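>>> dropping a prediction and its sequence here:
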Amino acid sequence: METIKRTKISDLLGLTTYGAEVNVKGWVRTRRGSKQVAFVALNDGSTIKNVQIVIDLEKIDEELVKKISTGTCLSVNGTLVESIGGGQSVEIQATAIEILGECDNTYPLQKKGQTMEFMRSVAHLRPRTNTFGAIFRIRHNMAYAIHKFFHDKGFYYFHTPIITASDCEGAGQMFQVTTMNLYDLKKDENGSIVYDDDFFGKQASLTVSGQLEGELAATALGAIYTFGPTFRAENSNTPRHLAEFWMIEPEVAFNDIYDNMELAEEFIKYCVSWALDNCMDDIKFLNDMFDKELIERLRSIVNTEFVRLKYTEGIEILEKAVADGHKFEFPVYWGVDLASEHERYLVEHHFKRPVILTDYPKEIKAFYMKQNEDGKTVRAMDVLFPKIGEIIGGSEREADYNKLLSRIEELGIPMKDMWWYLDTRRYGSCPHSGFGLGFERLLLFVTGMSNIRDVIPFPRTPNNAEF
């Protein structure tokens, strides 16, 4: 077969150089045809769109064509011609075909219309489908948009550790990291594990958040963001939880809670706009196949001012809804940690736009949040979105050494883990704020998917660490 430089299908579909000799490589989506001619839809992952290969069976060996089935990997030389069929502007009249990789009838993606549950069982192959090709191209674009947004605003990308000896959220649901023989653990007289011989000489875990280290960086570099994997060992088998997920955490010196809300709104609108401007083919496919309101919902976010609402006022709205006969699964009262159904009621029913909820009771929020003068609430903020509920959580941080120390002691957080964090309040403390965005939550919103396992290539959930 003559060597011709390969053209990506995403580039080829925009060409008008009819009559040119081209080469494409990719995987067969479908093959159909008659005794004289076969039509192959080829896709190389560069676009949701396939290119049609027209095979004249008088010119191409029939035995070779018989081996072409869904999933086969091909290299095709041919002539670029204007397409007479609908759906594409150009197609390729094949002059030579090489099978790079055969694919037999045990290939699990033969049939169209497989369920999402089935796709998770073949997660190693699902990127080859239209749906997951679209999702993972959007995932790339969202990652790029995040870096671009912060870079253009003068933030520094800061790498926080994945292995840590501190529990940022105080949740205690962490994966342990060890080199010790788990069948033969050394224990002291109280029955506690002795870590002297372990790699770090102390108990270590996978990080639940890079925030605390991010705060250290913000008090030196001014404005930073983290973007990396985080791990939560909570046994949550829900469509919104993963044990391994990616998190974006900006932290900004001299920002108060109001600056923090502005940044969060600007950031998330930027990401959604980027998706609409750069991923429309993929978004349109997902809109048409899964969620007919997706494009409309994305556009409405960009053009809407988010509501600023105090927690206390939010509770009053929810209590009135209950009084008016609205049924919630979980109770509503001042002091409750809002459930997703409560958050979605405020966003989807009451305001019909995103809500930034602030000033939560201190008992339901983390130790590092700045306390308000009322002694009851903290300067927390959660951004609530339609269909998702909370998509961003953040706060102004407590900058006062004594207040932070008393809160740490109140909650019984071991001081041996926190001395370095307290140093930032001891040496030149400053007001600062930040938030965390779960990357997969953003992707759920942008793709219209209903299960978080479908927006990450290899989901890690309870009892599932395949692939």
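Received, thanks.
>>> could you say what helices and strands the helix or strand containing Val40 packs with?
Of the helices and strands defined by DSSP states H and E, Val40 is found in strand 37-43. Counting contacts by 3 or more C-beta pairs under 8 Å, 6 or more residues apart in numbering; DSSP states H and E, the secondary-structure elements packed against strand 37-43 are strand 21-33, strand 51-56, strand 73-82. (Each C-beta comes from the backbone N, C-alpha and C, glycine too.)
>>> and if we set it to 6 Å?
strand 21-33, strand 51-56 (3 or more C-beta pairs under 6 Å, 6 or more residues apart in numbering; DSSP states H and E).
>>> checking the residue sitting furthest away from the middle of the chain next. Helix, strand or coil?
When each C-alpha in the chain is compared with the mean C-alpha position (C-alpha atoms, centre = their mean), Glu58 comes out farthest, at 49.1 Å. Glu58 carries the three-state label coil when classified by DSSP: H, G, I helix; E, B strand; the rest coil.
>>> helices and strands around the one helix or strand Cys271 maps to, which ones?
Taking DSSP H and E as the definition, Cys271 sits inside helix 257-278. Other helices and strands packing on helix 257-278, by 3+ C-beta pairs under 6 Å, 6+ apart, are helix 130-152, helix 294-302, strand 377-385, strand 389-396.
>>> quote the end-to-end distance of stretch 390-405.
Start to finish, the residues bounding stretch 390-405 are 29 Å apart (C-alpha to C-alpha, to the nearest Å).
>>> list the buried ones in it?
Residues of stretch 390-405 classed as buried by neighbour count (16 or more other C-beta atoms under 10 Å): 390-399, 404-405.
>>> now stretch 12-22
Of the residues in stretch 12-22, those with enough neighbours to count as buried (16+ other C-beta under 10 Å) are 12-13, 22.
>>> identify the residue nearest Thr358 in space, chain neighbours excluded?
Using C-beta to C-beta, 6 or more residues apart in numbering and skipping residues adjacent in sequence, the residue nearest Thr358 is Met381, 4.8 Å away.
>>> what angle separates the strand holding Val40 from strand 73-82?
Between the axes of strand 37-43 and strand 73-82, defined by axes from the mean of the first three to the mean of the last three C-alpha atoms, to 10 degrees, the angle is 110 degrees.
>>> so in that sheet, which strands flank strand 37-43, and in what orientation?
Strands adjacent to strand 37-43 in the sheet, as given by DSSP bridges, are strand 21-33 (antiparallel), strand 51-56 (antiparallel).
>>> point out the most buried one among those strands.
strand 51-56 (a mean of 20; mean count of other C-beta atoms under 10 Å).
>>> next SSE after it?
With elements assigned by DSSP H and E, the helix or strand that comes after strand 51-56 is helix 62-66.
>>> what's the spacing between that next one and its chain's center?
Relative to the chain's own centre, helix 62-66 is displaced by 43 Å; criterion: C-alpha atoms, centre = their mean, to the nearest Å.
>>> all helices of the stretch 351-467 of the chain, in order?
According to DSSP state H, counting those that start in this stretch, the stretch 351-467 of the chain carries its helices in the segments 401-410, 419-426, 439-447.
>>> quick one, the shortest one and helix 401-410 angle?
Helix 419-426 and helix 401-410 are oriented at 150 degrees to each other (the same axes, to 10 degrees).
>>> tell me which residues in helix 419-426 are buried?
Along helix 419-426, these residues count as buried under the neighbour rule (16+ other C-beta under 10 Å): 421, 424-425.
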